[in-house]
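> Mind looking at a prediction? Sequence and model below.
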Amino acid sequence: MAREATEVELKSAYRKLAMQYHPDRNPNNPEAEEKFKECSEAYAILADGDKRAAYDRFGHAGIGGSGAGGFDPSNFQDLSDIFGDFFGFSDLFGGGGRGGRRSRAQRGADLREDINLEFEEAVFGTEQTVTVRRHETCEDCHGSGAAPGKAPVTCRSCNGQGQVRYQQGFFSIARTCPTCQGTGQVITDPCSKCKGEGRVLRQKSIDAKVPAGVEDGTRIRFSGLGEGGVHGGPAGDLYVVLHVKEHPFFEREGNDLHCVVPISFAQAALGAEITVPTLEGDHVLKVPESTQSSTTLRIRGKGVPVLNSRSKGDLYVEVRVQTPAKLSKRQKELLQELEGTIRVENKPERRTLLGKVKDIFG
C-alpha cells in the first residue's frame with residue numbers, strides 16, 4: 001500500500017487481511033493467527049497519526065523497535081465500525097461500545113390504546129375512560145425485585161463488572177455476563193409479591209380528555225402512564241389513538257365541513273331562504289337569485305374548531321337543482337307554459353378550465 005494511503009483505504013485493506021487470516025476462519029492454523037496478529041499490530045501503528053509519522057521517518061526504531069509496542073486495545077476502538085458485529089467485535093477488549101456494566105434501572109415500554117369517537121365528539125371534544133393493563137412498580141420492594149429489607153448482591157460470576165472475559169487466540173474478549181445480564185448484581189432473596197421482577201401487572205382506568213377539533217388517526221400522548229420501569233426505572237408513555245366515525249352527510253376537509261343540499265328550480269331561479277343543518281343547529285341560508293346548480297355557498301364559522309384555538313373553520317353548502325321524478329298534469333301545463341317563455345340553445349360548449357380542474361381534483 002502507498003505511504004500516502006488515506007484512512008478509508010487503510011481500513012479497507014486491514015479489513016480484507018483481517019477477514020482472511022482471522023483465527024475463527026483458520027482454526028488450528030498458527031501461521032494464519034500470526035499473520036492476523038502482524039496485520040493488527042501494523043494497523044495499530046498506521047491508525048495512530050503520531051506513530052505513523054514516527055514510523056515513516058525512523059522505521060521500527062521510531063516506535064521502540066517492538067512492533068506495535070504491545071497490544072493496546074485503545075487503538076482498536078473503531079473495530080466495531082470496521083467489522084460491525086462480525087466475529088463479535090462489539091464486545092472485544094471490554095472497551096467502549098456496548099460493553100461494560102449496565103444499569104439495572106430501565107425505562108418502561110410505551111403502550112397504545114385505541115378509542116372510537118362519534119363525529120360530533122371529535123368536533124366538540126369529549127372525555128372517555130380508557131382501561132389499560134400495565135406493569136406497575138411493586139410497592140413492597142419499590143422496584144428492586146429484592147425482598148423487603150434485602151438488596152441485590154454483587155454477581156460472583158463477574159465480580160460486579162457486568163462482563164466476563166474469554167481468551168480467543170491472543171485476544172481477550174469481554175462478553176456480557178450471562179448470570180446478571182450485565183447489571184453486575186443478582187437477587188438472591190426475591191420479593192414474594194413480584195417474584196423478583198420489581199413490577200406487578202394491574203388494570204388501571206385513565207380519564208382521557210379529548211380536545212375539540214381532533215381528526216381521525218390523532219395520537220394523544222399521556223406521559224408516564226405506560227409500562228412501569230424495570231428495577232425502579234421511569235415509566236413509559238401511553239398513546240391513545242383516535243378513530244372518528246363518518247357523519248351521515250357532512251364531510252370534513254381540515255377544519256372545514258362540506259355538504260350538499262337539494263333546491264328546486266324555482267328556488268334557484270328566483271332566490272330563496274332555506275334552512276340547512278349545522279353541527280350547532282339549523283341555519284337560514286340565503287340562496288341568491290339565478291343560482292346555478294352545483295354552486296357552493298359558504299357559511300362562516302360553522303365548521304370544526306381549530307385544535308387548541310378559538311377559531312373555527314367554515315361550512316360549505318353545495319346547492320343542486322333537483323328535477324322532480326313525477327309531475328302532475330297541472331305541473332306539466334305550467335312548465336310547458338314556462339318553456340314557451342324561456343329558450344335555451346342546446347349547443348355544445350367547450351368545458352371551462354375551472355370545470356376541468358374540478359374534475360381532476362374533485
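Received, thanks.
> can you map out the helices along the stretch 51-200 of the chain?
If DSSP state H, counting those that start in this stretch is used as the criterion, the helices of the stretch 51-200 of the chain fall at 79-83, 119-124.
> mean pLDDT for those: which is lowest?
Looking at the helices of the stretch 51-200 of the chain, the lowest mean pLDDT belongs to helix 79-83 (a mean of 47).
> The spatially closest residue to Y166 that is not a sequence neighbour and L17, how far apart?
Nearest non-adjacent residue to Y166, counting by Cβ to Cβ, 6 or more residues apart in numbering: I173, 5.0 Å away. Every C-beta, even on glycine, is put in place using the N, C-alpha and C of the backbone. Counting by Cβ to Cβ, to the nearest Å, the separation of I173 from L17 is 20 Å.
> Who has more neighbours out of the two?
A count of neighbours by other Cβ atoms under 10 Å puts I173 above the other of I173 and L17, at 19 against 16.
> what's across from the more buried one in the sheet?
Bridge pairing for I173 (DSSP bridges) gives the partners L92, Y166.
> Do I have it right that it meets R165?
Yes. With contacts counted by Cβ atoms under 8 Å, I173 reaches R165, the gap being 6.7 Å.
> How about F36, nearest residue that isn't a chain neighbour?
Nearest to F36 is Y21, by Cβ to Cβ, 6+ apart, at 3.9 Å.
> contacting residues around the one you found?
32-33, 35-36, 39 (Cβ atoms under 8 Å, 6 or more residues apart in numbering).
> Give the bridge partners for S205, please.
T131.
> who touches it in this structure?
Applying Cβ under 8 Å, 6+ apart, the residues near S205 are 129-132.
> roughly how far apart are it and L238?
12 Å.
> shared neighbours, the two?
130, 132.
> Just give me the longest helix of this protein.
helix 30-46 (DSSP state H).
> quick one: what helix or strand has L257 in it?
Assigned by DSSP states H and E, L257 belongs to strand 256-263.
> Am I right that G233 sits in a helix?
No. Under DSSP: H, G, I helix; E, B strand; the rest coil, G233 falls outside any helix and is assigned coil.
> Could you give the number of residues near the nearest residue to it once chain neighbours are set aside?
Leaving aside its sequence neighbours, G233 sits nearest to A105 (Cβ to Cβ, 6+ apart; 3.9 Å). Using other Cβ under 10 Å, the number of residues around A105 comes to 15.
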